[in-house]
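> here is my input; please provide its structure:
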Amino acid sequence: MATRHGLVRDLLCLPDSSPFAKLLDSCLRSRSARETRRVHARILNSHFSKEIFIQNRLIDVYGKCDCLDDARKVFDRMPQRNTFTWNSNITVLTKSGFLGEAARIFGSMPDPDQCSWNSMVSGFSQHDRFEESYEYFVKMHKENFFLNEYLFGSALSACPGLMDFDIGIQVYAMVSKSRYSTDVFMGSALIDMYSKCGSMACSQDVFSGMIERNLVTWNSLVTCYEQNGLASESLEVFVRMMNSGLEPDEVTLASVVSACASLCALKEGLQIHARVLAKRDGFFYRRPVRNVVSETSMVSGYARATSIKAARFMFWKMKQRNVVSWNALIGDMYMKCGSIEDGSRVFKNMMERDCVSWNAMIKLDHVTMIGVLCACSHVGLVEEGRLYVSSMTKNHSLILEKDHYSYMVDLLGQAGCLNEARNLIKTMPMNPDVVVWGSLLADCKVHGEIEMGKHAAEKLLEIKPRNSGPYVLLSNMYAEVGRWGDVVRMRKVMRQQGVIK
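Numbering: from 1, shown residues only. As a prediction, this is how the structure comes out:
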């Protein structure tokens, strides 16, 4: 006890706050919120309680320990702030997904600097708020701030989400005029951007024009061919990469095995997997977490190729599994193969391991439940679907997302529970999209529920006024019950709106 009191006295008599900073660094390494709060309490009892430097470190460490409320309280109570204070708070908010609050703080910041703008551009991009990310990028350029390779990378990653190829070309023009025109990182980002915009020719042109290429560059091209359904071309690029002397990594393997699965060439996928592991002389096994990526791709590949026995064998052979591994087996068994019994057995096994805390990494997540609800929707397991949705919030502390609502609406609609489906839509915390209303409309047609179908069609047309689908479906519903006047009216509205069937 005396020793502890002596330590406290020593901390209170420190000439500067660097020992506290070192203690906070230790808290950050261990990601311990409890220890951070204990150090914070010591700081409050010292003469450094209002020092900007140590307060900034507290905001940063609290944020990285996912203690957003604590970070915010430190910020709000600071009598003085500097630019680093504001930037630390903005970084915490953007990384935690509180983008509205981050925008508010940024707007009230006296003098945003390069780091402030970087956080806004990258933060919005990372959370798929691509339009706002690009707007900050443009404003930053107008304010004559320096655009570095990371900002260009964030802007390029936002372009596919904007569904605007022309903006991508504009960003590319800016890159080509900058010092980063021949940068390997920029080249890889451009390949990825063009790939996600569906322009494989442009991706190939960028790759061919690069003076220098590294593993990331080759992986970008291998992946972009595979994700655009060009599995054979993906494997050809992989062969060229191997011949160039570069050693593949787990990212390469994930794409190559997926390409093999698309071509039903699982034997070749296994051979590639074995060759890479042998070539790297056990490198993957010295990094087991990364090995999970390639082995999960093998599991998913076997399941997608409807080789359930091989997928299951590969899965249980894995030395380490994470939630993605379980999702690959559950999702592909449920969604791709229709093997409901096998998928259900794996899902129950996963729940049992979750309940007994078998592994901190093995916890049901949103993707797991999407696979399960999709399966229920495919085979009409209404009661099971209701139970799974209920268990998400009650047992697993998961919040329903848009995809969960979409599958549940479809499941209820197919079973004829149209009122329940409509009521579920009303409870959605987000605006229902075309998928949700489209499912309800299609199910209304199947069950002859014209008035509810009309409501769903109207909602669809509010979102996409020039989409012919709702008009045609509603017109067919009227025709099936002999309401020919309404059929003529629908066709007249289509002509007036300039909608082409």
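
> need the helix or strand of this protein with the lowest average pLDDT.
helix 2-12 (a mean of 48; mean pLDDT, DSSP states H and E).

> got the confidence number for residue 1?
With respect to pLDDT, residue 1 has a value of 43.

> now the host helix or strand of residue 204: mean pLDDT?
If you go by DSSP states H and E, residue 204 is part of helix 200-209. Averaging pLDDT along helix 200-209 gives 89.

> helix or strand next in line after it, which one?
Counting by DSSP H and E, what follows helix 200-209 is helix 215-227.

> residue 193 and residue 249, how far apart?
Taking C-beta to C-beta, to the nearest Å as the measure, residue 193 and residue 249 are separated by 22 Å. Yep, even glycine has a C-beta here, placed from its N, CA and C like the rest.

> so for these two, which sits in the more crowded spot?
residue 193 (28 against 19; other C-beta atoms under 10 Å).

> how about the more buried one, nearest residue that isn't a chain neighbour?
Distances taken as C-beta to C-beta, 6 or more residues apart in numbering place residue 156 nearest to residue 193, at 4.3 Å, with adjacent residues excluded.

> wait, isn't that neighbour in contact with residue 168?
Yes: look at residue 156 against residue 168 with C-beta atoms under 8 Å: they come within range, at 7.0 Å.

> what touches both of these two?
Counting by C-beta atoms under 8 Å, 6 or more residues apart in numbering, the residues touching both residue 156 and residue 168 are residue 193.

> show me the shaky parts of the stretch 251-400 of the chain.
Along the stretch 251-400 of the chain, the parts satisfying pLDDT under 70 run over 265-267, 269-270, 273-294, 297-298, 301-308, 310, 320-323, 328-365.

> at 80 instead, please
Within the stretch 251-400 of the chain, the set of residues satisfying pLDDT under 80 comprises 251, 253-254, 257-258, 260-372, 374-381, 391-398.

> what helix or strand does residue 300 sit in?
helix 288-304.

> and whichever helix or strand comes after that helix, what does it pack against?
Using DSSP H and E, the next helix or strand after helix 288-304 towards the C-terminus is helix 308-317. Packed against helix 308-317 by the contact rule (3 or more C-beta pairs under 8 Å, 6 or more residues apart in numbering; DSSP states H and E) you find helix 288-304, helix 323-331.

> hmm, 10 Å instead?
If you count contacts as 3 or more C-beta pairs under 10 Å, 6 or more residues apart in numbering; DSSP states H and E, helix 308-317 packs onto helix 266-279, helix 288-304, helix 323-331, helix 340-355.

> gap between it and the chain center?
27 Å (C-alpha atoms, centre = their mean, to the nearest Å).

> same question, stretch 152-169
The answer for stretch 152-169 is 17 Å, by C-alpha atoms, centre = their mean.

> tell me the buried residues in it?
For stretch 152-169, a neighbour-count test (16 or more other C-beta atoms under 10 Å) marks 152-160, 164-165, 167-168 as buried.

> also stretch 184-191?
In stretch 184-191, counting by 16+ other C-beta under 10 Å, buried: 184, 186-191.

> from residue 455, how far out is residue 484?
Residue 484 is 21 Å from residue 455, by C-beta to C-beta.

> of the two, who's got more company?
Higher neighbour count among residue 484 and residue 455: residue 455, with 16 against 10, using other C-beta under 10 Å.

> hang on, that one packs against residue 421?
No: counting by C-beta atoms under 10 Å, residue 455 does not reach residue 421; the two are 11.8 Å apart.

> so where do the helices sit in the stretch 401-501 of the chain?
Secondary structure of the stretch 401-501 of the chain (DSSP state H, counting those that start in this stretch): helices at 402-414, 418-426, 434-447, 450-463, 468-480, 484-497.

> list the contacts of the second one.
What it means is helix 418-426. Contact with helix 418-426 is made by 382, 386, 389, 400, 405-406, 408-415, 417, 432, 436-437, 439-440, 443-444, 446-447, 449, 452-453, 455-456, 459, as judged by C-beta atoms under 10 Å, 6 or more residues apart in numbering.

> among the residues you listed, the buried ones, what's the ChimeraX command?
Listed next is the ChimeraX selection for buried residues among those, using 16+ other C-beta under 10 Å:
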select :382,386,389,400,405,406,408,409,410,411,412,413,414,415,417,432,436,437,439,440,443,444,449,452,453,455,456,459
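
> any low-confidence regions in the stretch 101-250 of the chain?
Ranges of the stretch 101-250 of the chain meeting pLDDT under 80: 148-150, 157, 159-165, 168, 180-182, 249-250.

> if we go to 70?
Those would be 163, if you go by pLDDT under 70 across the stretch 101-250 of the chain.

> can you give me the helices for it?
Under DSSP H, counting those that start in this stretch, the stretch 101-250 of the chain gives helices at 114-126, 130-142, 149-162, 165-176, 184-196, 200-209, 215-227, 231-243, 250-262.

> against residue 231, how distant is the nearest residue to residue 191 once chain neighbours are set aside?
Distances taken as C-beta to C-beta, 6+ apart place residue 220 nearest to residue 191, at 4.2 Å, with adjacent residues excluded. Residue 220 sits 16 Å away from residue 231, going by C-beta to C-beta.

> for those two, work out which one has more neighbours and name it.
residue 220 (26 against 20).

> how about stretch 85-102: buried residues?
Those would be 85-96, 98-99, 101-102, for stretch 85-102 by 16+ other C-beta under 10 Å.

> nearest to residue 198 among these?
residue 99 (27.6 Å; C-beta to C-beta).

> pretty sure that closest one sits against residue 122.
No: using C-beta under 10 Å as the test, residue 99 is too far from residue 122 to be in contact (11.6 Å).

> identify the contacts common to the two.
Common neighbours of residue 99 and residue 122 (C-beta under 10 Å, 6+ apart) are residue 133.

> residue 47 - how many residues pack around it?
So residue 47, with other C-beta under 10 Å, has 11 neighbours.

> element containing it, please.
Here residue 47 is assigned to no helix or strand, by DSSP H and E.

> any chance of the helices of the stretch 401-501 of the chain in JSON lines, with distance to residue 316 too?
Conversion of those to JSON lines gives the following (distance: least, C-beta to C-beta, whole Å):
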{"stretch": "helix 402-414", "distance to residue 316": "28"}
{"stretch": "helix 418-426", "distance to residue 316": "37"}
{"stretch": "helix 434-447", "distance to residue 316": "35"}
{"stretch": "helix 450-463", "distance to residue 316": "45"}
{"stretch": "helix 468-480", "distance to residue 316": "44"}
{"stretch": "helix 484-497", "distance to residue 316": "56"}
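
> and those: which comes nearest residue 311?
Nearest to residue 311, of all those, is helix 402-414, at 22.6 Å by C-beta to C-beta.

> helix 418-426 and the closest one, what's the angle between them?
160 degrees (axes from the mean of the first three to the mean of the last three C-alpha atoms, to 10 degrees).

> right, and the pair among the buried residues of stretch 85-102 with maximum separation?
85 and 99 (19.3 Å).

> just the pLDDT for residue 422.
92.

> follow-up on the earlier one: which neighbours do residue 455 and residue 421 have in common?
With C-beta under 10 Å, 6+ apart as the test, residue 455 and residue 421 both reach 440, 444.

> can you list the buried residues in whichever strand or helix holds residue 24?
Element membership for residue 24, per DSSP H and E: helix 18-30. For helix 18-30, a neighbour-count test (16+ other C-beta under 10 Å) marks 20-21, 23-24, 27-28 as buried.

> same question, stretch 51-71
Of the residues in stretch 51-71, those buried (16+ other C-beta under 10 Å) are 51, 53-65, 67-68, 70-71.

> what's the burial count for residue 183?
18.

> how much space between the closest residue to it other than its chain neighbours and residue 191?
Closest residue to residue 183 apart from its sequence neighbours, by C-beta to C-beta, 6+ apart: residue 149 at 5.8 Å. Remark: distance between residue 149 and residue 191 (C-beta to C-beta) = 15 Å.
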